[in-house]
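# Next input, structure requested:
(2 chains)
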Amino acid sequence: MLIVAHGSESVSFADTFEQMYQLRAKQFSTRRGWRVEVRDGLEKDRFDELNPLYICVLGENRNLLASLRLLPTTGPHMLSDVFPEVMGDAGVVRNPLIWESSRFCVDTGAAREFGLDGINMITRRLLVGLFQTANDAGIQNIISVYDIFVERILKRAGCSFDRLGPVAKFDDLKTVGGIFEVSEGVIAALHADQVQAA
Amino acid sequence: MIFDTSISEFFTHSIEKHDVSNDDGLQKVLFDICDAFDLTHATYYGTTNPSDRGLDQVLITTYPVSWITHYFSNNYQDVDPILLHGSRSLLPLQWKILSRSNEQVADFFTEAREFGVGKQGLTISVRGLKNDSALMSFNKNCSWADWQGFCSSSLPDLNFFAFLLHDKVLANRSLDTMDSGGNLTIRETQALCWAARGKTAWETGKILGLTEKTVSFYVGNACAKLKVATKTQAVAKAVYERLIWF
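From the prediction side, this is the model:
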């Protein structure tokens, strides 16, 4: 099941949010060695204080399998405040029709089902949740920094996107900024695996 | 995407023709929008944050004075689920989805309708760069089906219009607006320069080595920064302000 909730609703979703910060700590600090702040096993940064919108995929036991964070580009966000150099000549985005997605993570230990196309089912579920939520809110694009490594996966899953700035290196990781289309067409493409699997 | 014959474009034309340097002028524009787009009411409720004066609440609305008076004398700001939903939400709020199981909320909506507030409504949140934010509500007396149809086709336009209006309210108060137009990025400037020379997004893409969609993205961002609704307006404003040349 999908949970779409703002940071301000953390009381109603205390358990889910706690699991989310724990998953982020596990995936980004422990597993990938990113320079993020982890306290009491929870990874949080100052952007979590800005009432972002979180999208979470839960399993049958309400255990968190994947999550991401959304911020409006009209306010402070990572690409404007932390790594604007990733945008290169594209520069800072300030548009009410564009959201920034960050902290995309999947519990690859728990989410072990893959579609016929090799895409993790939970990754796909989170992507559908992201683009469906954005489309329902009248948003036209998502911007996000991603590892070059996952570019192929995003394309194969059905995302429609272009690179924005130059490839940048952070902590031995090659990353790039991308602009993702939000539309019914993209949502349909992301669902395409269900035709295959059936 | 840029909008044609949309509320955003209507607004940008209105502010050129009428004096909107104060709240009364903006209220008149809201009335014109309701007429032109067959809406019952439109309401802007913003919180600006002039740093030396604390928070400042701004209400610009087509609601009748009788409803506003009734609302505040009954302290409905403590009951109104739209205010409780908050102006710091990323999601638009359909009034139909608000819980009516609460008797107080149900009575509130019933009374609102008695004062002429439309049966169907949508509220959009606007978030600014500082602590400023706003709630922009539209409502109409029509069927749910008609309203859904209107919303699903107009939502990006409504989002953009709410953003433009909030920016104008800030500008009227000489507060820093959400990124001044002078800060066009290199790519945004390039995209507008070629548009000024009559190139399509596809042609511009070929010239700059970008996809057509990426060029449209830059033009859209330029519109947001210049506070205009269409590519044509963006080019005109950018030329006028000497941000591009051709």
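# In contact with residue A:50, which residues?
A:7, A:71, A:75, A:76 (C-beta atoms under 8 Å, 6 or more residues apart in numbering or on different chains). No exception for glycine: its C-beta is placed from N, CA and C like everyone else's.
# what does chain A have sitting close to chain B?
Remark: the part of chain A in contact with chain B comprises A:4, A:6, A:8, A:51-53, A:70, A:72, A:74-76, A:87, A:89-99, A:133, A:136-141, A:160, A:162, A:164, A:179, A:181, using C-beta under 8 Å from any C-beta of the partner chain.
# same thing but 7 Å
For chain A, the residues in contact with chain B (C-beta under 7 Å from any C-beta of the partner chain) are A:6, A:8, A:51, A:53, A:70, A:72, A:74-75, A:89-97, A:137-138, A:140-141, A:162, A:179, A:181.
# Just the residues you listed: which are in strands?
If you go by DSSP state E, the residues of chain A next to chain B have A:6, A:53, A:70, A:72, A:141, A:162, A:179, A:181 in strands.
# Output the residues you listed as CSV; include the columns pLDDT.
Converted to CSV, those look like this (pLDDT from 0 to 100):
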residue, pLDDT
A:6, 96
A:53, 98
A:70, 98
A:72, 95
A:141, 98
A:162, 95
A:179, 96
A:181, 97
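# and the two most separated of those?
The largest separation in these, counting by C-beta to C-beta, is between A:6 and A:162 at 29.2 Å.
# what's the weakest-modelled helix or strand in chain A?
helix A:193-197 (a mean of 53; mean pLDDT, DSSP states H and E).
# Ok, chain B next?
Lowest-scoring helix/strand for chain B, mean pLDDT, DSSP H and E: helix B:81-85, at a mean of 86.
# And the contacts of it?
B:77, B:93, B:98, B:105, B:123, B:135, B:137 (C-beta atoms under 7 Å, 6 or more residues apart in numbering or on different chains).
# 10 Å instead, please
With contact meaning C-beta atoms under 10 Å, 6 or more residues apart in numbering or on different chains, helix B:81-85 is reached by A:6, B:43, B:45, B:76-78, B:91-93, B:95, B:97-100, B:102, B:104-105, B:108-109, B:121, B:123, B:125, B:135, B:137.
# Give the buried residues for that helix.
Residues B:81, B:82, B:85 are the ones in helix B:81-85 that count as buried (16 or more other C-beta atoms under 10 Å in any protein chain shown).
# what residue ranges in chain A score low on pLDDT?
By pLDDT under 70, the weakly predicted segments of chain A are A:193-198.
# quick one, helices of it?
A:14-24, A:78-81, A:121-136, A:151-157, A:184-191, A:193-197 (DSSP state H).
# Send me the first one as CSV with only the CA atoms.
What it means is helix A:14-24. This file holds the C-alpha atoms of helix A:14-24, laid out as CSV (Å, rounded to 0.1, in the frame of the first residue of the first chain):
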residue,chain,number,x,y,z
ALA,A,14,5.0,8.1,13.5
ASP,A,15,5.9,4.4,12.9
THR,A,16,6.1,4.7,9.2
PHE,A,17,8.2,7.9,9.3
GLU,A,18,10.6,6.3,11.9
GLN,A,19,11.0,3.3,9.6
MET,A,20,11.7,5.7,6.7
TYR,A,21,14.5,7.6,8.5
GLN,A,22,15.9,4.2,9.5
LEU,A,23,15.8,2.9,6.0
ARG,A,24,17.5,6.1,4.7
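# Can you list the helices and strands that it packs against?
strand A:2-6, strand A:38-39, strand A:42-43, strand A:53-58, strand A:64-72, strand A:98-106 (3 or more C-beta pairs under 10 Å, 6 or more residues apart in numbering or on different chains; DSSP states H and E).
# Of these, flag the one that's most buried.
strand A:64-72 (a mean of 25; mean count of other C-beta atoms under 10 Å in any protein chain shown).
# Packing partners of that strand?
Checking 3+ C-beta pairs under 10 Å, 6+ apart, strand A:64-72 ends up next to strand A:2-6, helix A:14-24, strand A:53-58, helix A:78-81, strand A:98-106, helix A:121-136, strand A:141-147, strand B:120-127.
# Okay, now the sheet partners of that strand, with direction.
Using DSSP bridges, strand A:64-72 pairs in its sheet with strand A:53-58 (antiparallel), strand A:98-106 (antiparallel).
# Which among these is found nearest to residue B:5?
strand A:98-106 (22.8 Å).
# Relative to residue B:157, how far out is the residue nearest to residue A:157 when sequence neighbours are not counted?
Spatially, and ignoring its direct neighbours in sequence, residue A:157 is nearest to residue A:119 (4.9 Å; C-beta to C-beta, 6 or more residues apart in numbering or on different chains). Per C-beta to C-beta, to the nearest Å, residue A:119 is found 34 Å from residue B:157.
# Between these two, which has more neighbouring residues?
residue B:157 (23 against 18; other C-beta atoms under 10 Å in any protein chain shown).
# I'd guessed that one sits against residue B:9; true?
Yes: using C-beta atoms under 10 Å, residue B:157 is in contact with residue B:9, at 8.6 Å.
# Residue ranges in chain B under the pLDDT threshold?
Looking along chain B with the criterion set at pLDDT under 70, you get B:1-4, B:50-55, B:99-101, B:176-182.
# make it 90
In the predicted model of chain B, residues B:1-5, B:15-18, B:47-57, B:78-79, B:83-89, B:96-107, B:127-133, B:170-183, B:241-246 satisfy pLDDT under 90.
# quick one: the helices in chain B?
So, for chain B - with DSSP H - the helices run B:7-17, B:23-37, B:65-73, B:81-85, B:103-114, B:144-172, B:186-196, B:201-208, B:212-226, B:231-240.
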